[in-house]
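Enquirer: this is the structure alone, sequence omitted:
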């Protein structure tokens with residue numbers, strides 16, 4: 001079954017609050033048909049879910065213009081959807097940075113002219129939509145190519161793919177890009193490109209907040225005052241140095257003195273313990 005919201009071809013639908021459809025099966029559809037469909041990324045959200053936290057069910061939107069962006073940007077796009085700089089504005093994260101704002105088990109977008117989803121994450125990890133890989137369906141219905149500039153990620157068996165990983169997976173899974181304008185992009189990467197460039201600067205204004213000190217580098221370790229660099233290391237013989245060697249804590253001399261011992265020795269050879277050396281007083285004992 002399906003639930004549908006329909007207006008005339010020149011009408012419009014703007015979602016400013018949370019619209020969450022739960023208990024959907026893979027065969028159920030939430031549908032919108034209008035001239036311009038808008039989702040306020042600052043305050044609104046649109047989700048088609050099953051019984052758990054995993055998106056399930058189809059989200060079908062048929063309109064000339066499908067725009068998911070901040071309220072201020074939606075107002076601007078409603079007047080001039082093709083203005084110069086629109087891609088840069090859509091790549092700039094919304095002030096609320098709410099993460100995923102539109103998700104479903106499958107997208108069935110039927111677009112006449114423009115399909116825009118502003119970045120609701122960060123410059124490094126773009127966000128906006130979330131849908132299983134291979135279930136991102138966009139069909140051009142107008143006479144002219146559709147301009148699709150979207151940000152978001154894909155659910156895969158390996159987890160959630162975002163940024164450049166989402167772009168690479170989309171390129172591998174999509175072989176036919178007929179009907180899309182050359183300016184179309186996903187997460188800042190042109191759909192016509194084989195590979196995408198490096199990640200953008202996380203904070204372009206950060207460079208202006210850092211002062212680079214101009215001066216000599218650290219170089220080699222400076223010489224100590226009073227020490228000739230050609231002198232060798234301080235040893236037992238002692239070349240002069242700024243730090244005196246510590247005094248030994250233990251007497252390291254041999255336990256037995258060197259030379260003959262002139263002391264009485266008890267034993268069979270001298271039972272009377274008679275000394276053999278000279279009398280200190282010069283008198284015999």
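Expert: Great, that's in hand. Computed from a predicted structure; not experimentally measured.
Enquirer: switch to C-alpha atoms for all contacts and neighbour counts from now on
Expert: OK.
Enquirer: now do the helices in this structure.
Expert: 71-79, 86-91, 163-173 (DSSP state H).
Enquirer: now do the second one: which elements does it pack against?
Expert: Applying 3 or more Cα pairs under 8 Å, 6 or more residues apart in numbering; DSSP states H and E, one finds that helix 86-91 contacts strand 147-150.
Enquirer: try it again with 10 Å
Expert: Under the contact criterion of 3 or more Cα pairs under 10 Å, 6 or more residues apart in numbering; DSSP states H and E, helix 86-91 touches strand 58-69, helix 71-79, strand 106-117, strand 147-150.
Enquirer: for residue 196, which of these is the nearest?
Expert: Proximity to residue 196 (Cα to Cα) singles out strand 147-150 among the helices and strands packed on helix 86-91, at 14.8 Å.
Enquirer: out of the helices of the chain, nearest to residue 106?
Expert: Closest among the helices of the chain, using Cα to Cα: helix 163-173, at 14.3 Å.
Enquirer: show residues contacting that closest one.
Expert: Where contact means Cα atoms under 10 Å, 6 or more residues apart in numbering, the residues beyond helix 163-173 that reach it are 122-127, 133-134, 136, 151-156, 160-162, 177, 185-199.
Enquirer: what about this protein, any weak spots by pLDDT?
Expert: 197-285 (pLDDT under 70).
Enquirer: try 90
Expert: Residue ranges of the chain with pLDDT under 90: 1, 52-54, 158, 173-178, 194-285.
Enquirer: hmm, residue 73 is touching residue 90, no?
Expert: Yes: assessed by Cα atoms under 10 Å, residue 73 is found in contact with residue 90 at 8.6 Å.
Enquirer: neighbour count for those two, which is higher?
Expert: Shown here are residue 73 and residue 90; by other Cα atoms under 10 Å, residue 90 has more neighbours (23 against 19).
Enquirer: so what's the more buried one closest to, chain neighbours aside?
Expert: residue 118 (4.4 Å; Cα to Cα, 6 or more residues apart in numbering).
Enquirer: the one you found: neighbouring residues, count only.
Expert: Residue 118 has 30 nearby residues by other Cα under 10 Å.
Enquirer: which PyMOL command selects the buried ones in the contacts of helix 163-173?
Expert: If you want just the buried ones from the contacts of helix 163-173 in PyMOL, going by 16 or more other Cα atoms under 10 Å, the selection is:
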select buried, resi 122+123+125+126+127+133+136+151+152+153+154+155+161+162+185+186+187+188+189+190+191+196
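Enquirer: ok, which of the helices and strands packed on helix 86-91 comes nearest residue 48?
Expert: Of all these, strand 58-69 sits nearest to residue 48, with 6.8 Å by Cα to Cα.
Enquirer: thinking again about what came up before, does the residue nearest to residue 90 touch residue 149 like I think?
Expert: Yes: with contact defined as Cα under 10 Å, residue 118 reaches residue 149; the gap is 8.0 Å.
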